[in-house]
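J.: quick one, fold the following:
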Amino acid sequence: MDTFEQWLDTFWQIPARERKEYLAVKKAACICPECPSYNRCAGESKELAYCISGKSPLCISEDRGCTCRRCPVTSSLNLTYHDFCFKGSEAVQRYEHEVH
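T.: Residues are numbered from 1 along each chain as shown. Now for the predicted structure:
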């Protein structure tokens, strides 16, 4: 089990209230607002931590560049993928690459 899988396993075992706090720590370290693909809509919607929460539901549909590989959340969780805001979370991308 790698770092991300361990984190995810721990995340789902703690109570919902604590998960919210756990996620807030990751969001505080997030650099999504610095990304060229991050736009005004995403900012106004307070979208962050796409690597965990998944792709932007409404705001981001165009790749204008990606800063995921420089993000402290990406390195702390040892994430493999990127472009989370429009391709989906690390978990989703791992699953898609396993089945295809």
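
J.: distance from the chain centre to stretch 85-94, please.
T.: 8 Å (C-alpha atoms, centre = their mean, to the nearest Å).

J.: okay, buried residues for it please.
T.: Of the residues in stretch 85-94, those buried under the neighbour-count criterion (16 or more other C-beta atoms under 10 Å) are 85, 87-90, 93-94. (C-beta placed from N, C-alpha, C; glycine too.)

J.: and for stretch 21-40?
T.: 26-27, 30, 32, 35, 37-39.

J.: farthest pair in those?
T.: 26 and 39 (21.1 Å; C-beta to C-beta).

J.: re the thing from before, which among the buried residues of stretch 85-94 gets closest to residue 4?
T.: Out of the buried residues of stretch 85-94, the member with the shortest distance to residue 4 (by C-beta to C-beta) is residue 90, at 5.8 Å.

J.: can you pull the contacts of that closest one?
T.: By C-beta atoms under 8 Å, 6 or more residues apart in numbering, the residues touching residue 90 are 4, 51-52, 77, 79-81, 84.

J.: and with 10 Å instead?
T.: Each residue near residue 90 by C-beta atoms under 10 Å, 6 or more residues apart in numbering is listed here: 4-5, 7-8, 50-52, 54, 68, 73-74, 77-82, 84.

J.: cool, and residue 8?
T.: Residue 8 neighbours (C-beta under 10 Å, 6+ apart): 1-2, 52, 77, 89-91, 94.

J.: same question, residue 85
T.: 32, 35, 37-39, 42, 47-48, 50-51, 53-56, 59-63, 66, 68.

J.: secondary structure, distance to residue 15 and pLDDT added to the buried residues of stretch 85-94, as TSV?
T.: As requested, the buried residues of stretch 85-94 are exported to TSV (DSSP: H, G, I helix; E, B strand; the rest coil; distance: C-beta to C-beta, whole Å; pLDDT from 0 to 100):
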residue	secondary structure	distance to residue 15	pLDDT
85	helix	28	97
87	helix	30	95
88	coil	26	97
89	coil	21	97
90	helix	23	97
93	helix	27	97
94	helix	25	97
